[in-house]
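K.L.:
Build the 3D model from these lines:
(2 chains)
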Amino acid sequence: MNDDARPSADNLWSPYVSEPEAPWNLRRVVHLHRRAGFAATWSEIQRDLKDGPKASIDRLLAGKAHTEGVPDKFADTADLLATTAASSYDAGRLKAWWVYRMLFGPDPLTERLVLMWHNHFATSNIKVEDLPAMHRQNQCFRALARAPFGEVLNAAVRDPALLKWLDAPANLKGHPNENLGRELMELFTLGIGRYTETDVKEAARALTGWAVSENGAFEETPARHDDGEKIVLGRKGTWKGEDLIKILLEHPATAERLSFRLCEFLMGEGSVDLAALTELADGLRRRNLDIGWGVETILRSRLFFSHANIGMRVLGPAEYVIGTARALELFDPPPSTLVLAEWIARLGQDLFYPPNVGGWPGGRSWLTTRSLIGRANYAALLVEGARVGRPVPMDSVALAELHGVGKDRDAVVDFYAKLILGIEPSAEWIDRLVQAARGKGGSEAETFRNVVVLILAMPEAQLA
Amino acid sequence: MSQAKLEPVLQHIRKLAGSALTSDPSDSQLLERFLSTREERAFAVLVERYNRLVWSVCWQVLHHRQDAEDAFQATFLVLARHARTIRRTETVAGWLYRVARRLATRAGMNMATQRTHEKRVRNRRVEEPGSELALSELQAVLHEELNRLPDRYRAPFYLCCLEGKTGPEAARLLSWKEGTVTGRLAEARKLLRRRLARRGFELSAILGACAVSSELFAGAPAGLVKATVKAAIAFAAGQTAATVCSASVAGLVRAGLKAAFLAKVQSAGLLLLAAGVLAYAGALTHQALAAKETPAHNPADVASAPALFPEEEVAEDSGRVPASSGKDNPTEAITVKGRVMGPDDKPLAGARVVVWTDTIKNPSDVNVRATTAQYGRFSFAVTQAELKHKATIVAKNKAYGPAWSELKGINDEEIELRLVPDDVAINGRVLDLEGKPVGGATIRLLRLQKGWTDQWISEMKRGGQYTGMAYIDAVALDGPTAVQTKKDGRFQLQGLGRQRVAWIEISGENIEVTRCFVVTRAAKVPGLRGGQNGAYTASFDHVVGPAKPIIGTVWEKGTGKPLVGITVTDNYWTKTKTDERGHYRLVGIGKKPNYIVAATGISFFSVTKWEVADTPGFDPLTVDFELKRGIVIRGRIINKETGEPVKGTVEYHAFGDNPYLKAVSAIEPAFFSQDHRGYTEADGSFFAVALPGPGLLHVLADQDNYRKTEPAADWNLLPPIQHVSKLAHALVRINPSEAETEKSIPDIALEPATSISGTVLGSDGQPLFGYFAAGLSDSPRGSTNRYERRGDSAFTIRSFDAHRPRALIFFHPDKKIGKAMVVRSAESSPLRVRLEPMSSVSGRVIDAKSRPSAGALVTAHLSRAKEDHANLPTEVLWGYYQQWPNRLEPKIRTAADGTFRLDGLMPGLRYTLIVSEEEMTNPAEALYRLERFTPADSGKTKDLGDLKITDNSAKGT
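P.N.:
The predicted model follows:
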C-alpha cells in the first residue's frame, strides 16, 4: 500500500500539502472536481493547477469553483425556472431546473450536498405529488447544505414534503403512526441497531400532532399531541417532537452516522477505515455536528488526496451526466436539461423520485450491464448533439484547439485523456484508442468524436 | 402421487400452519394454487374477494338482476377456464373488470334482440326509480372512464377508492410494492380527474355519489356466489358450460372464451404481420367466430329483421317544423348610434368604429362602419344576423386603447364607448429551460378582455376563473397582432390599452406552444402564476419547454387505405392534417412523459389515444391510427317558434342492440373531435357520424332556453347509451341503412320555454354583485351552471317548467349571506331575492368517557337524502363542480375543550353533521353522525350540546 494511504492514527485527517510523493498535479485537480463537484473545464483545471490546493479548495468551499458556463443573472434565471417548473404540474420541468443548477451554477459543491441530503432524507414525489413542496424541500437543503446538522435535521423533519412522505399527519394521539419516528432514528440520525422498537413507539408518540396545514405549511397541533410521559433511549420525560430531536442530536451514534454519510459522499471505497470514521465523528461532535467543518476537513485532508482514494468512487448518474457535459464545455448551445434529467433517470437516479426511504443504494449498484451501455449511449448522443437538443455535433478538435493543443492527432487525444480522466496517456494507449475510433469509419471529425465517446465509456471514466 | 391426492394433505398442512389463506394471500398466489391443484377454496376466496367488483360492473351495465347474475356467473366461469391467459402484467382485478364489463355488455345486447325485450325493459325501469337516474348517469360515467384506464391504474383505483382497501391491503392483493400502489393510484386519480373534468364532472363528487349507492356495491347475492364457485370448479375440471350453468350463462361464457382466445392470438405477435394481411385475416376470424357463436348479431340477419324504431322519430317535446326563414329578416338593417369618448371623458372625433361578430375570423372582414364626427358621434346600421353572433361595436383610435360593447338588443339609447389610455405596453421575454433567450418565436394576440380586472386577478390567483369579462377577438383590432421575439427573446405588444387582459399564444420552431394571459398593468401582482394557461402583468419572462414531434400514418379501418386530410391533434393547442400518403407530423407539443393524440375526419369515427408514452430525446414519436368510416348525418336545429337557427350540440349514440357496434372499438363524444362535428354552424346546421342501425341524436342547445325532454320509458336504454343525460332539448332516433354514406334528416325544432328573471339584493336591500348562484339552469351542459362569481345583480332562471320546481341557491361567501329557495311558478317573475346572513351551529365533541375531544374534524354536509333532493340545485346535488359542495359545506376542528362553531350554513336547507378524525373517504370512518338537522334561522346559532363520539381506535387494529 502506498505510504500516503494511511496517515498516522493521531492525526488521520491532517491537511494535504503538495509533496514529491503526492504532488499537486493534473490528476489531483481532476480528482478534486470530479469527487466534490461536476468535473471541471480545461481552463478551470489549469487555473487550479496554477493556484495550488489551498486556493482551489477555498474556491470550491466559497461556491465559486465554476467560472465557465455560468450565465449572468444565474440566480434570477434559476428562480424563474423553478417558479415555472413548480407550477407546471410536470415533474420533468423541476428535474430540468435542478439539472440547470448543476450544469450552469457556480457552486457545484453545494449542489452535490443537496444531492446528498436528497438521498439522506429521501423523499419521493410519487407519494407527495406536490411539485412546489418538492421544490421548497430542495431549496431548504441548498440553504442549509453545510449548516450544523441540528439545523438541517430540524428543518428537514418539519418539511411538508417529508411529513407527507412519512405519513406524519396520520400520527395522532392514541393512533400513532411510526413511520416518521422510525426513519428519524434509523436513517436520519442513529442508524440501524442503535435503538429499540420501544424507542420507535415512544418517538412516534413524541411526534404526534405534527402535520401539514391546509396551505401546505408545517403545523404543530397541541390538541393532537400525546403529552404523556415517554422514555426515549433511556431518557424519561413528557417529550415533544423538538425534545426528541435534541435527544437524537446528542446521541453519539448520530455523529458516527454523519461521519459515515460524509465519507460515503466524498471518499472512495475502502479508503477510510474505522479509526478515521471515528475521529471524524468525534470532531463533528465537538463542533456541534457542523457539516461545513466535516466537508472542509475531508476536502483538505491528505486522505482525500491520497493515492488510495483517487479513482475509487463510482460516479452517480447525475455526476456522470452533468460532469461530462461540463468537461466538454457544452454550454452554448447546451443540451436540453429536460433530456439530461431523462438520462439521469435512465441511468438509475430519477431526481425527486428516490426508490424508497433509504434513498439510492449508490456505489457499485450504479453500475450494471444496462447502465454501462446506457452511459456509453449517453456519451455518444451527447457528442452527436441532435438527440439531446443541441442543433450541432460537438467539434472535438475545435475544443482542443481552443485550449492551444492544436490539431495534431496525438495531442487531441492526449487532451481528452487529461481532461476527462486526469491521466497522461502513453503513445500506445493513444494509438489503440484512435484505431478503435477509426474502426467505426467516418470522417476525421467523426473519428475524434468517437475518441471522446470511447474515453467516456471507459471503466475509468465511471470512477472519480 | 397425483395432484388430486396431494390436495387434502396440502390443505391440512395449510390449516395447521395457520393457513396462508387466512393470512390473505395475493391474487397471483391464489390463482397459482387454483391452477396447480384446482384448490376450490383458493378459487372461492377469489370469488369472494372480487364479488363486489364483478357484481357492481354487471349491475352498472345491466340494471337488471337476472341479467347481472348471468354476467356475474359467466365472468368467473371464464376466469376458471382461462386463468392462465391472465398476463403477468395484468392484475386479476383488472382482468375481471374488463371481462365482466364485456360480458355484461354482451348480455345487454343479447337481451335486446329477444322478442321479450319490451317486457324486460319495463321491469328494469321498475328496478331503477326515476330519482336515481342522475346517480346512475354519474356511475355510468365513472365506469366508462374506469374502463378506459390501463389496467395498472384501474386495479388500484378500484380496490382503494371503490372497495375501500388501504394501500398496504391493495399492495398485498396485487402483489405489488406499496409504493407502486400509491404511485399508480395517484396517477389513476389524476387521469380520471382530468378525463372526468373534460366531461364536466368532478372525480370526488362522483365517488361521493357512488358511495351513497349501497345497491351498487352490495355484492352479489350469497346464493349466487356459492353457485358460481361450484359451477366454475366443475367447468375448470372439463365439464361443458351447458352442463354447469344456464343456457344464457353458457352463451356468455363462449363469448368470453372467444375474446380471451383472440387476446392470446394477438399477444402471440401476429400483429407484426403486414397490416393488410392481418386486417383481412382478422376480419375473417372474427366473422367466423361471430357467425358461429352469436348468429343473432350477424348483420345480415338484423338487416332483414323489422326495425325496432321508426326512423327519425322526434321526441315528444320537440316538434318538427319545416326549414323557415323565421319572423325576422336576417338582412334587415337596424340603426345603432352612440359616441366615442377619450380617456379624459371628452368626445373624440376621428375614432373608427367597427362591428365584430364571432363569425369573423379575418381582419379583412372587419369593415369600418363609421368614423366619429364632431362630438364623437357615430351612427350606422347593423343587421339582425350580426346581432345573433355576438355583434360587438369596437371603437379604435391610434392614440388610445380600444373600447367595445356587445350589442345585446337594440333600443333608442345611445352607446357610449370610452377609450382607455394606451400607456402600458406588454414587454415580454421568452426563455427556454436552459435559460437561453428564444429568438424568432411568434407571439400572437388571440383575444382581448376587459371588465372587473381585480376580480379576474383574484380568481386567477385562487386557481379559479372569472368569466364576467367582455372580450373581442384579435381580428377586431388594428395593426399587427402578431410579433416575433428578437435574438434576446424579447418582444413588445402595444395598442391594447390599460387594464386589459390579453390572451396570447407563443409558438415557434422546436418549442412547445403555450398560451397565457397578460394584464396590461405595470405593477407586479404577487401570487399570480405564469406559464401554460397562467397569467402575468405587463413585463414578464415566459419559460417554454422544447417540443417533441409526433408523426404517424392514418389508415382506413378495414381497407388499409391511407386517409388524406384527417385532423390529428393533441386535443390542446396543436393540430395538423394528413397528407396524400396518410402521413402527418404534429409539432409544438411540449416534451412530457405521456401524450394524448387524437385523429378525426368527417365521416370517420374519431380515435383518441390517451396515454402514448414518451420516447427518450427528441426523435419523433410515431403514433399511427386506423379510423372506421361511418355515415354522415346532416340536419339543422331551429327555434320552433321563429324558425331561427339554434346554437347547440348534437351527440350521436348507438343503441345497445345495434349490431354494427362491433365494428368500432368505441364511439367517442363529439367534442373530442376537432372537425366541429356535433356542433351547430351559424345557420343551425350540423353533422354527426353514425353507424348503420338504430341510434340516437341527443340535442342540447347552448342556451337553456328550450323545453326539455327525457328518454321515453320504453326506450331500449342499453349500453353504451344509458348515460344519455336525463335531460335534453331533443332526442331524435335514427336508423340509417348500411348502403348510405350520407343522410339528411328533417330540421329539429326546439320549443321555447318559459324563463323567469330576477334581481339579487344584499342584506341591505341594494343590488348585489360578486355572488354565486346555482340552479339558474337545469341543463346538463357544464357552461350553464359553472361555479363562478356573477358580476350582474340581474339573473335569469332558464327553461323553467312548472312540473319541475326549480331549487336555487344564492350566496356571497365574503359577505356571509345567502338564500336557498324553490321556485314553483313562473308567475312570481320578476323575482327579488334578498340574501340574508347565514346561520351557525355549535356544540362540543366528547369521547365515550365524556372527556372533551380536541382536534376532531366537524363537517356540515348538505343532506342528500332523497327527500332533500328537491331543495338542491342539480349542480350542488351531484357536484358537477366540486367547488359547490366545498363552499356550502363548512368544516372546522374542535378546540382544546372539544367545542366548535361552524358558520356559513344556509337557512332552509338540511345538513348532516359528521365528526371524524380526518377528511373522510369512507362513511364508516365517521365517529358521529347527525342526520338531516335543520340549521337555525338566519343570523342565529343552533347549539347541539354534547356530541358523544364512538371509539374508533379499534378499527384500524
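
K.L.:
got a list of what A:Asp167 touches?
P.N.:
For A:Asp167, the contact set (CB atoms under 8 Å, 6 or more residues apart in numbering or on different chains) comprises A:Asn177, A:Asn179, A:Leu180. For glycine as for every other residue, the C-beta is placed from the backbone atoms N, C-alpha and C.

K.L.:
State the helix or strand in which the last one lies.
P.N.:
Okay, so that is A:Leu180. helix A:179-183 (DSSP states H and E).

K.L.:
of the contacts of A:Asp167, list those near chain B.
P.N.:
Among the contacts of A:Asp167, not one lies near chain B by CB under 8 Å from any CB of the partner chain.

K.L.:
For these, pick the one with the most neighbours.
P.N.:
Within those, most neighbours by other CB atoms under 10 Å in any protein chain shown means A:Leu180, with 25 neighbours.

K.L.:
Against B:Ser853, how distant is the residue of chain A at minimum distance from chain B?
P.N.:
Going by CB to the nearest CB, chain B is nearest to A:Ala223 of chain A, at 3.3 Å. With distances taken as CB to CB, to the nearest Å, A:Ala223 is found 9 Å from B:Ser853.

K.L.:
Equivalent analysis for B:Asp579, please.
P.N.:
Per CB to CB, B:Asp579 is found 69 Å from B:Ser853.

K.L.:
Equivalent analysis for B:Trp176, please.
P.N.:
In terms of CB to CB, B:Trp176 sits 37 Å off from B:Ser853.

K.L.:
now B:Asp422
P.N.:
Applying CB to CB to B:Asp422 and B:Ser853 gives a distance of 62 Å.

K.L.:
How many neighbouring residues does A:Val17 have?
P.N.:
Residues near A:Val17, counting by other CB under 10 Å, number 13.

K.L.:
and the residue of chain A closest to chain B, helix, strand or coil?
P.N.:
Three-state assignment for A:Ala223 (DSSP: H, G, I helix; E, B strand; the rest coil): helix.

K.L.:
Now for it: which residues touch it?
P.N.:
Contacts of A:Ala223 by CB under 8 Å, 6+ apart are A:Gly209, B:Ala854, B:Gly855, B:Arg893, B:Thr894, B:Ala895, B:Ala896.

K.L.:
Which secondary structure element of the chain has the lowest mean pLDDT?
P.N.:
Chain wasn't specified; assuming chain A. One helix or strand of chain A scores below all others by mean pLDDT, DSSP states H and E: strand A:210-212, with a mean of 88.

K.L.:
that's the other chain; I wanted chain B
P.N.:
Using mean pLDDT, DSSP H and E, the lowest element in chain B is helix B:299-304, with a mean of 28.

K.L.:
and the closest residue to chain A within chain B, what pLDDT?
P.N.:
Closest contact between chain B and chain A, by CB to the nearest CB, is at B:Ala854 (3.3 Å). Looking at B:Ala854, its pLDDT reads 83.

K.L.:
pretty sure it is in contact with B:Thr894, am I right?
P.N.:
Yes: if you go by CB atoms under 8 Å, B:Ala854 and B:Thr894 touch, sitting 5.8 Å apart.

K.L.:
So for these two, which sits in the more crowded spot?
P.N.:
Higher neighbour count among B:Ala854 and B:Thr894: B:Thr894, with 23 against 19, using other CB under 10 Å.

K.L.:
what sits against the more buried one?
P.N.:
By CB under 8 Å, 6+ apart, the contact set of B:Thr894 is A:Ala223, B:Arg844, B:Val845, B:Pro852, B:Ser853, B:Ala854, B:Gly855, B:Ala856, B:Val858, B:Phe900.

K.L.:
Which stretches in the stretch 301-450 of chain A count as helices?
P.N.:
Assigned by DSSP state H, counting those that start in this stretch, the helices in the stretch 301-450 of chain A fall at A:302-305, A:317-327, A:337-346, A:369-384, A:396-402, A:409-416, A:427-438, A:444-457.

K.L.:
Could you dump these into JSON lines and include mean pLDDT?
P.N.:
Formatted as JSON lines, the helices of the stretch 301-450 of chain A follow (pLDDT from 0 to 100):
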{"stretch": "helix A:302-305", "mean pLDDT": "96"}
{"stretch": "helix A:317-327", "mean pLDDT": "98"}
{"stretch": "helix A:337-346", "mean pLDDT": "97"}
{"stretch": "helix A:369-384", "mean pLDDT": "94"}
{"stretch": "helix A:396-402", "mean pLDDT": "96"}
{"stretch": "helix A:409-416", "mean pLDDT": "95"}
{"stretch": "helix A:427-438", "mean pLDDT": "93"}
{"stretch": "helix A:444-457", "mean pLDDT": "94"}
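
K.L.:
For B:Arg707, give its distance to A:Gly105.
P.N.:
Going from B:Arg707 to A:Gly105 by CB to CB gives 66 Å.

K.L.:
That should have said A:Arg438, apologies.
P.N.:
Distance, A:Arg438 to A:Gly105, using CB to CB: 38 Å.

K.L.:
which of these two has more neighbours?
P.N.:
In this view A:Arg438 and A:Gly105 are compared by other CB under 10 Å, and A:Gly105 has more residues nearby, 23 against 14.

K.L.:
Could you verify my assumption that the more buried one touches A:Phe74?
P.N.:
Yes: between A:Gly105 and A:Phe74 there is a contact under CB under 8 Å: 6.2 Å.

K.L.:
re earlier: dump the next helix or strand along the chain from the least confident helix or strand of chain B to PDB, restricted to CA.
P.N.:
For helix B:299-304, the following helix or strand on the C-terminal side (DSSP H and E) is strand B:333-341. Taking Å, rounded to 0.1, in the frame of the first residue of the first chain, the C-alpha atoms of strand B:333-341 are listed here in PDB:
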ATOM      1  CA  ALA B 333     -80.900  46.700 -41.000                       C
ATOM      2  CA  ILE B 334     -81.200  48.400 -37.600                       C
ATOM      3  CA  THR B 335     -79.600  51.700 -36.800                       C
ATOM      4  CA  VAL B 336     -77.200  52.000 -33.800                       C
ATOM      5  CA  LYS B 337     -75.900  55.300 -32.600                       C
ATOM      6  CA  GLY B 338     -73.600  56.500 -29.900                       C
ATOM      7  CA  ARG B 339     -70.500  58.400 -29.300                       C
ATOM      8  CA  VAL B 340     -66.900  57.700 -28.500                       C
ATOM      9  CA  MET B 341     -65.100  59.500 -25.600                       C
END
